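Asker: Any chance you could fold what I've pasted below:
(4 chains)
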Number of protein chains: 2
Amino acid sequence: MAVPKKKVTLSDVAAVAGVSLSTASKALNGGGRISVATRQRIEATALRLDFRPNGLAQSLALGRSRTVAVLTDRAESTFSRPVIIGAATYLGQHEQAVLLYDARLRRRDDMAESIRALNARRIDGVLVVGEGLHHRTRSVTAEFSVPVTYAFTLSDEPDDVSFVPDNVAIGRMAGEHLLALGRRRIAHVTAEADDLAAQLRVQGLREALAAAGLTLAHEVLHGSWTEAWGRTAAQRILAEDWQVDAVVGGNDHIARGVENVLAAAGVRIPQDVALVGVDNWEGLIINQTERHLTTIDVGLIGMGEAAAAHLLGGEQTPGVHYQAPTLIVGETTG
Amino acid sequence: MAVPKKKVTLSDVAAVAGVSLSTASKALNGGGRISVATRQRIEATALRLDFRPNGLAQSLALGRSRTVAVLTDRAESTFSRPVIIGAATYLGQHEQAVLLYDARLRRRDDMAESIRALNARRIDGVLVVGEGLHHRTRSVTAEFSVPVTYAFTLSDEPDDVSFVPDNVAIGRMAGEHLLALGRRRIAHVTAEADDLAAQLRVQGLREALAAAGLTLAHEVLHGSWTEAWGRTAAQRILAEDWQVDAVVGGNDHIARGVENVLAAAGVRIPQDVALVGVDNWEGLIINQTERHLTTIDVGLIGMGEAAAAHLLGGEQTPGVHYQAPTLIVGETTG
DNA sequence: CTGAAAGCGCTTACAG
DNA sequence: CTGAAAGCGCTTACAG
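Answerer: Residues are numbered from 1 along each chain as shown, chains lettered A, B, ... in the order given. Just a heads-up that it's a prediction; the model follows:
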């Protein structure tokens, strides 16, 4: 039952404890010099009266709203979502609300208006969440007097702070995992040759192989991020008889497509060919105990958390922060 | 460049316009009786000085924080995510921030503390986001003096407001789509018999068939929400030669499993057997122009939006609100 | 129609 | 160590 008891204010606490408002405030906030006895008396009184400071009054007095703005191009997109959720979860744990402005980054006018609205709200920080590394986001850092952090995108201003996936580490991780399993003839099927994420993953994979004195079993198969391309590529691998003992898919869709075709052709997975994907979309979809594909989780949720943590952390460390990926072993590398 | 110009206050506007603070306030908020001339002069002045009211001061004076609390069990779970994002997007469009309290619903103590914290912040409303219909959420409505809405879960208090998927409509939609394509021998593969969502989808499917004077081609195959179960079920359909011309999968995973086995056995999809799933996880994963599986989108994002809209709407309509699903036609019913 | 005043509850120099 | 006062900027009865 919602007992409609009158809100207890700091003045009430002060009156009951027999001190002034300012003394009560100091006692509860730990500022200034106060005798131990007085402090304890006030604290006990506050506790007894079930006092909670009015957050809005504190906000006004301190000029901090305990709200962070999250600016996105398209909040509903698959890859932004975990980033936003990660950030919002972390912020909520720290009593910070999120004001989500979606799709206002695009039009200049909307953005100018948004900036004014956010400043009027006295937001404590700004998190710009992008959708990958295809293009740089125009920096809005200078428009705010509070810290601005970029997640899952890079701004066009080098001194800005951004958090992005570590695509090189992803490629390296896939390679090292397969090498550790004894695989030596590794193929790679991935997206367009001009896709930056794809390029960096290729680079990481090559590094891992090079460290073992190896190279890829064949030149990289560039196509698109789709399952259909995975199937097409697998047909070519079979037709040209590359004799591979492992395939790294640039993402899970590709890996799935590769698997379907190989399996249909009688190739045993993982005995004959081991398979690794990227994205952890099985985990993205549903938390199955049944895990099939070995994959590498890019760490989008963790990236959102890290960006939020940095934003709240105070001192801004300029530059790019790379999110460490996680290997998730499934049946396809057994 | 962040021009550090002094913030313009309402007092400044009043002074420049040559009126009192209260008159200026009334003019800009449209309250009370004011001469047209005065109002226009004040509005012009506000515009000229680029005045924006301090949101925190407004909040304190009005007792509204423009913040909604979102309470979840596990914000990072696949199905809560779109609901939360939908809600946050809608709320952001209406200048409402979201304070996400994750996983505090479970322990009584945490919850009590959270309620006190939220009341102290003078939140404007509460959105409880669940993870489906397996179990009812303990009602927290009475703990707050602001409106409380439940999304993707039902509370244990009948007069509460909740928004849930329309599983019956989902089943019906699948059936009607297949009937419209001329299919007559339809099988259904779904999760455990005691799964509520599965039951309701079965019911809807049966209703659609009954309306056409038909019944299912075979008793429902109950198993689990997994691809593996879809494969197993499909093997049985083949082994027992059910002669179906369509299969409805309880979700997309099941449908995929069914498809793999049927296709491997030489069944042409959709010519021989049409296939429908539920969840739209291809869309969930990545926005492919390439769409393969025909599926039914449960509408989680829309449900989050609707719940948020209702929460802001003022008058609360008690009871259960059902979210309409959307049919997304792909190649498997091509 | 307009304005002086109180109120929303806190925090924080500044005196004492 | 403690308190009176100003300040954070608004809104809103209430007089005039």
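
Asker: The residue of chain A found nearest DNA strand D: neighbouring residues, count only.
Answerer: Nearest residue of chain A to DNA strand D (C-beta to the nearest atom of the strand) works out as A:Arg33 at 2.2 Å. In short, each C-beta sits where N, CA and C put it, glycine included. A count of nearby residues for A:Arg33, using other C-beta atoms under 10 Å in any protein chain shown, gives 5.

Asker: got the contact list for the strand or helix carrying A:Ala87?
Answerer: Taking DSSP states H and E as the criterion, A:Ala87 maps to helix A:80-93. For helix A:80-93, contacts defined as C-beta atoms under 8 Å, 6 or more residues apart in numbering or on different chains pick out A:68, A:70, A:72-75, A:97-98, A:100, A:127, A:129-131, A:151-152, A:284, A:300-305, A:307-309, A:312, B:75-76, B:81-82, B:84-85, B:88, B:98-102.

Asker: Averaged pLDDT, it. What do you get?
Answerer: What helix A:80-93 shows for mean pLDDT is 96.

Asker: from memory A:Gly125 sits against A:Ala69, does it?
Answerer: Yes: counting by C-beta atoms under 8 Å, A:Gly125 touches A:Ala69, with 7.4 Å between them.

Asker: When those two are compared, which one has more neighbours?
Answerer: Taking other C-beta under 10 Å, A:Gly125 and A:Ala69 do not tie; A:Ala69 has more neighbours (27 against 21).

Asker: isn't A:Asp272 right up against A:Asp245?
Answerer: Yes: contact criterion C-beta under 8 Å: A:Asp272 and A:Asp245 qualify, at 7.2 Å.

Asker: so who does A:Ile328 touch?
Answerer: Each residue near A:Ile328 by C-beta under 8 Å, 6+ apart is listed here: A:Asn280, A:Gly283, A:Arg291, A:Thr294, A:Thr295, A:Ile296, A:Asp297.

Asker: now swap in A:Ser59 and tell me
Answerer: By C-beta under 8 Å, 6+ apart, the residues touching A:Ser59 are A:Ser65, A:Arg66, A:Arg122, B:Leu56, B:Ser59, B:Leu60.

Asker: Near DNA strand C, which residues of the stretch 51-200 of chain A? Just list them.
Answerer: A:Phe51, A:Arg52, A:Pro53, A:Asn54, A:Ala57, A:Gln58, A:Leu60, A:Ala61, A:Leu62 (C-beta under 7 Å from any atom of the strand).

Asker: of those, buried ones?
Answerer: Burial by neighbour count, 16 or more other C-beta atoms under 10 Å in any protein chain shown: within these this picks out A:Phe51, A:Arg52, A:Pro53, A:Asn54, A:Gln58, A:Leu60.

Asker: Where does the fifth one fall, secondary structure wise?
Answerer: According to DSSP H and E, A:Gln58 maps onto helix A:55-62.

Asker: Following that helix in sequence, what is the next regular element?
Answerer: Following helix A:55-62 toward the C-terminus (DSSP H and E): strand A:67-72.

Asker: by how many degrees do that following strand and helix A:55-62 diverge?
Answerer: Per axes from the mean of the first three to the mean of the last three C-alpha atoms, to 10 degrees, the angle that strand A:67-72 makes with helix A:55-62 is 90 degrees.

Asker: List the neighbours of strand A:67-72 that are in contact with it.
Answerer: Here strand A:67-72 makes contact (C-beta under 8 Å, 6+ apart) with A:80, A:84, A:87-88, A:91, A:96-105, A:114, A:118, A:121, A:123-130, A:140, A:308, A:311-312, B:67, B:92, B:97.

Asker: Can you list which of the residues you listed are found in strands?
Answerer: Among those, DSSP state E puts A:97-102, A:125-129, B:67, B:97 in strands.

Asker: Out of the residues you listed, who's the most crowded?
Answerer: The most crowded member of the ones in strands among the contacts of strand A:67-72, judged by other C-beta under 10 Å, is A:Val129 (32 neighbours).

Asker: Settle this for me: that one is touching A:Phe152, isn't it.
Answerer: Yes: between A:Val129 and A:Phe152 there is a contact under C-beta under 8 Å: 5.8 Å.

Asker: picking that back up, restrict the residues of the stretch 51-200 of chain A next to DNA strand C to contacts with chain B.
Answerer: Near chain B, judged by C-beta under 8 Å from any C-beta of the partner chain, the entries from those are A:Arg52, A:Pro53, A:Asn54, A:Ala57, A:Leu60.
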